[in-house]
Structures are given as structure tokens and as C-alpha cells.
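Student: need coordinates for the following:
(one chain, ligands or ions: 1)
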Amino acid sequence: MRSPVLNGDIATCTDTATSTSNVLINNRSVCTVITSAAVGAILGPGSPKVRVNNAVISVNGDSVAPHGDTVHGTATMVATSVKVFVP
Ligand SMILES: [Zn+2]
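Tutor: As a prediction, this is how the structure comes out:
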């Protein structure tokens with residue numbers, strides 16, 4: 001089981017995830033693949049068994065689209081939720 005990525009979670013490149021979904025965990029919007037970003041779009045793969053607003057939910061370790069040099073070219077998401085997990 002993996003933690004879902006939430007609005008405000010930080011990618012390995014230190015950029016912040018942003019989500020506008022209307023599904024909240026701990027009062028923070030849940031991030032989804034492609035539709036949420038940490039500067040670059042969150043590419044996933046996410047958890048294909050869980051959908052939010054008809055998009056695949058993003059989870060810890062998801063890839064972020066390259067959006068710059070060095071660390072911004074290979075970033076992944078670091079989810080911080082410790083109370084909610086998805087398959
Ligand atoms: Zn970045």
C-alpha cells in the first residue's frame with residue numbers, strides 16, 4: 001500500500017504539488033495523474049485501482065514530467081500522508 005499525493009506535498013526536486021480536485025484527505029486536495037503537477041505534470045503511474053474525479057490517483061514515487069535541468073529532469077513525488085493508503 002502507498003500513500004496518495006496531496007496538494008502541498010513536495011517532489012524530490014523541491015517543487016510543490018498542486019491539485020484542484022474536490023476530493024480531500026486531511027483537508028488537502030488529492031492529486032491525480034496528468035491533471036495535477038509539481039511544476040511538471042505528475043505522470044504516474046499512480047494507483048490504477050483508485051480514481052478521483054475520474055482520474056487515476058497519484059501515489060508516492062510517481063514520476064514528474066521533466067521541467068528543467070538536473071533534479072528537475074528526474075523528479076518523483078514524495079507523499080507525506082501517514083494515515084491513508086491505497087493499493
Ligand atoms: Zn522541479
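Student: and the closest residue to the ion within the chain, how many neighbours does it have?
Tutor: Closest to the ion within the chain is Cys13: 3.2 Å, counting by CB to the ion. Every C-beta, even on glycine, is put in place using the N, C-alpha and C of the backbone. The number of residues packed near Cys13 is 19, by other CB atoms under 10 Å.
Student: a helix runs through it, doesn't it?
Tutor: No - looking at Cys13 with DSSP: H, G, I helix; E, B strand; the rest coil, it is coil, so not inside a helix.
Student: tell me the confidence at it?
Tutor: Cys13 carries a pLDDT value of 98.
Student: tell me the contacts of it?
Tutor: 38-39, 64, 68, 71-72, 75 (CB atoms under 8 Å, 6 or more residues apart in numbering).
Student: got phi/psi on it?
Tutor: Main-chain torsions, Cys13, degrees, to the nearest 10: phi -90, psi 0.
Student: ok, now Gly73?
Tutor: phi -90, psi -10.
Student: isn't it right next to Ala65, touching?
Tutor: No - applying CB atoms under 8 Å, one finds Gly73 not in contact with Ala65, separated by 9.6 Å.
Student: residue ranges with poor pLDDT in the protein?
Tutor: By pLDDT under 70, the chain has no low-scoring segment.
Student: write out the residues of it neighbouring the ion.
Tutor: Counting by CB under 5 Å from the ion, the residues of the chain lying close to the ion are 13, 15, 39, 72, 75.
Student: most neighbours, which of the residues you listed?
Tutor: The member of the residues of the chain next to the ion surrounded by the most neighbours (other CB under 10 Å) is Ala75, with 25 neighbours in all.
Student: that residue reaches Ile10, doesn't it?
Tutor: No - using CB under 8 Å, Ala75 is not in contact with Ile10; the gap is 9.8 Å.
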